[in-house]
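Asker: Just the structure for this:
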Amino acid sequence: MFNRSLNKKISKIIFVAILMIPLLVSTLTVSAKLMQALTPLGFTRPIITGSHGGVVSGHPLASQAGLDILKKGGNAIDAAVAVATTLHVMEYQMSGIDGNGFITLYWAPENKVYSIGGTGAVPYGMDLDAATSKDELERGYKAGCVPGMFGAWIESLQRFGTMSLTEVTDTAISYMENGFPLSSSLASTIESNKTNFELFPSSAKFWLPNGRVPKEGEMFYMKDLANTYKKLVAAEQMALAQGKSRNEALQAAYDRFYKGDIAQEVVQFYQENGGYFTLKDLADYKPFWDEPLHINYRGYDVYINPSSSRSGYEVCMQANLVEGFDLQKIGHNTADYLHLITECIKLAKSDIYHYVADYRFTDIPTEAMLSKEYAAVRRELIDMDKAMVYPGPGNPKELKANIARDSIPAYCAALPLNETYDPMVGTTSFAIIDRFGNVLGCTPTHGSGMGTRVVVGNTGMTFNNGTRWGSIAPYADNVNCIEGGKRSLLGNAPCIVMKNGKFFAEFGTPGGEGIGQNEFQVLLNLVDFGMGIQEATEASKLQIAANPDLYVPGAEITVSLEATIPEEVIKEFEAKGHKIRVVESGIGSLNGILMNLEFGTWTIGSSPNRESYAVGW
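Answerer: Below is the predicted model of the structure:
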């Protein structure tokens, strides 16, 4: 009896299950389609869409900190400081108030694009002979530039922001004081720098608590850095308590950093350890507001930072060069396309490394360099069948193309070869759009990973090592040779694109030498091939490097290609005479925002190459 009853129940279950199969298959199909819509085939990040406010940065918690400010009524500038200071915790090796960088801002009330430079100079006491070795320019007590980002944040808040320094730094200070789980990228950077940190007692104290390398996921604390931030907030709050205005209170924080007890602690530390920083170095620093570089590319207006960034020149000059070709006919990421991109990059860089430096120290022929006429002349050097050697610079003012060099000049040939640059360790980038239509892009940096590797006394800060080769020219006759008070060059340059007078796109990336190259390729992806921002971000890219470096005509060029490019294309590209290197990791770590001009909504793209993430509402 029991068995018959059980059998009937089992039969009923089987019958119902058979009836449910079509529904189950349908549900699974819908779920699969939904997942494909959320994360399109081939993408590793979801497409974030919105209309009120959005943030994309190198770490999810930093993006969330910025979004929280937007939801509280803050604008893109307010949110940017929250993002930047939180990144000082989560991606300390890449940026902070003690580093340098650039901001590009689309300010909707004026329908205008601004460039804000937060780049400090090398100390007045520095010159090419001031350090006894290349290593001393890279790390240690004799390396480093005046911190520029904090001043840029304060100036931005004063001119465009609405909130207090206290409000926008609250999240970051909480993480510093109360701890946060160490990410894999920061943990691995500490591990790789263990030997460096052990050279400097202040660094070992900060990064190697209890004499060991902390582990991924372990709670980590930055109480010294928190104390520095709290001093800045206290200066603001004291000024407000005295009845001073919001801007005056922000200025009090600025002055405490660059002229007050924080500056004095910095200078005392460096002087006790044989460094060059003085009170005058810090007090003389000012953020700089400049007209952004501007070109029109196929009807789109491109705006990007000028000197002391070199990447703005790269994006503009490379776009001018490639504009003379029908890219859709050539085909995206074909061998001919990759070849053309490479040749345009070589031509632009050879000019930039010859003419561009801190504009206070040299006359940069900017108008001539960005002219369509000069691009047409230099374009004639491109042979679509054969890779050129790294060329000498042209003459923009006289519209002369010059010719390529066949060998490295003798005075350069004996120089040490550049170490392979790791684009993942020293810089970050983020972007914000608010409900008022303002858009901000920022690319801050510590230089190479962990900057000078020296934690400055008990401040918790580490300076950008912009005294290193690459940021400065190691050749006395180059315009970018190191001089006291000169701002060394960065690659940082977030880009804003307008279409018919309306905001169209923003994008920026870390990547050192590759920043201008990467952004150039993304510009083409968006304009010439109509890609969405996530597709443009994740599309395969290339990047060139030079031996001994890009200051030297005739230098040996190696082209890194992402392994996602088909093997047959790589072989065809190599056959044109290129020396190649295929890399498994992605090139750059681009984040960006793309506006739908028809509907007034936007999408945000985030790179899968790091911990980058986008959020919106």
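Asker: tell me the phi and psi of the residue sitting nearest the centre point of the chain?
Answerer: Closest residue to the average C-alpha location of the chain: Pro510 at 3.0 Å, with C-alpha atoms, centre = their mean. Listed backbone geometry of Pro510 is phi -80, psi 180, with angles given as degrees, to the nearest 10.
Asker: Look up how far Glu483 lies from it.
Answerer: Between Pro510 and Glu483 the computed distance is 27 Å (C-beta to C-beta, to the nearest Å). Glycine gets a C-beta too; all of them are placed from N, C-alpha and C.
Asker: what's the answer for Tyr92, then?
Answerer: Distance from Tyr92 to Glu483, by C-beta to C-beta: 30 Å.
Asker: Neighbour count: those two, which is higher?
Answerer: Between Tyr92 and Glu483, counting by other C-beta atoms under 10 Å, Tyr92 is the more crowded of the two (27 against 17).
Asker: What helix or strand is that one located in?
Answerer: Assigning secondary structure by DSSP states H and E places Tyr92 outside every helix and strand.
Asker: Give me the distance between the two termini of stretch 540-554.
Answerer: For stretch 540-554, the first-to-last residue distance is 27 Å (C-alpha to C-alpha, to the nearest Å).
Asker: and it, how far from the chain's centre?
Answerer: Mean-position distance between stretch 540-554 and its chain equals 19 Å (C-alpha atoms, centre = their mean, to the nearest Å).
Asker: what about that stretch, average pLDDT?
Answerer: Mean pLDDT, stretch 540-554: 95.
Asker: ok, now which ones touch Leu347?
Answerer: Contact analysis of Leu347 by C-beta atoms under 8 Å, 6 or more residues apart in numbering lists 317, 321, 378-379, 381-382, 391, 394.
Asker: out of those, who's nearest Ala348?
Answerer: Distance to Ala348 across the contacts of Leu347 (C-beta to C-beta) is lowest for Met317, with 3.9 Å.
Asker: Just list the residues touching that closest one, thanks.
Answerer: 347-348, 351-352, 369-370, 375.
Asker: Now that we're looking at it, what pLDDT does it have?
Answerer: 98.
Asker: Quick check on it: phi, psi?
Answerer: phi -70, psi -40.
Asker: What's the separation between it and Gln517?
Answerer: Counting by C-beta to C-beta - Met317 and Gln517 are separated by 12 Å.
Asker: And Cys316, by the same measure?
Answerer: Relative to Gln517, and taking C-beta to C-beta, Cys316 is found at 13 Å.
Asker: ditto for Val377
Answerer: 22 Å.
Asker: For the stretch 101-250 of the chain, give me the ranges with low pLDDT.
Answerer: 131-132 (pLDDT under 70).
Asker: the strands in it, which residues?
Answerer: 112-118, 180-181, 219-220 (DSSP state E, counting those that start in this stretch).
Asker: hey, which of those strands is tucked in deepest?
Answerer: The highest mean neighbour count among the strands of the stretch 101-250 of the chain, using mean count of other C-beta atoms under 10 Å, belongs to strand 112-118: a mean of 22.
Asker: And that strand, what does it pack against?
Answerer: strand 100-107, helix 149-160, strand 288-290, strand 300-304 (3 or more C-beta pairs under 8 Å, 6 or more residues apart in numbering; DSSP states H and E).
Asker: now that strand against strand 100-107, angle please.
Answerer: 160 degrees (axes from the mean of the first three to the mean of the last three C-alpha atoms, to 10 degrees).
Asker: between strand 112-118 and helix 149-160, what angle do the directions make?
Answerer: 150 degrees.
Asker: now strand 112-118, how far from the centre of its chain.
Answerer: For strand 112-118, the distance to the chain centre is 15 Å (C-alpha atoms, centre = their mean).
Asker: I'd like the next helix or strand past the lowest-mean-pLDDT helix or strand in the chain.
Answerer: Within the chain, no helix or strand scores below helix 2-38, which has a mean of 36 by mean pLDDT, DSSP states H and E. Per DSSP H and E, the first helix or strand lying C-terminal to helix 2-38 is strand 48-50.
Asker: Now that following strand: buried residues?
Answerer: Buried positions in strand 48-50, judged by neighbour count with 16 or more other C-beta atoms under 10 Å: 48, 50.
Asker: The next helix or strand after it - which strands sit beside it in the sheet, and in what orientation?
Answerer: Once strand 48-50 ends, the next helix or strand along the chain (criterion: DSSP H and E) is strand 54-57. Applying DSSP bridges, strand 54-57 is found paired with strand 430-433 (antiparallel), strand 613-616 (antiparallel).
Asker: worst average pLDDT in those strands?
Answerer: Among those, strand 613-616 carries the lowest mean pLDDT (a mean of 90).
Asker: what residues does it touch?
Answerer: 45, 48-50, 52-57, 59-60, 63-64, 67, 591, 604-606.
Asker: that older thread, Gly211: which of the contacts of Met317 is nearest?
Answerer: Nearest to Gly211 among these, with distances taken as C-beta to C-beta, is Ile352, at 45.2 Å.
Asker: That closest one contacts Ser309, doesn't it?
Answerer: No. Contact criterion C-beta atoms under 8 Å: Ile352 and Ser309 do not qualify, at 10.3 Å.
Asker: can you pull the buried residues of stretch 352-372?
Answerer: 352-359, 361, 364-366, 368-371.
Asker: Spell out which residues make up each domain of the chain.
Answerer: 1-38, 306-406 (automatic domain parsing).
Asker: and the helix or strand hosting Ala82, average pLDDT?
Answerer: Here Ala82, judged by DSSP H and E, is contained in helix 76-90. Helix 76-90 comes out with an average pLDDT of 98.
Asker: Right, I'll call it a day here.
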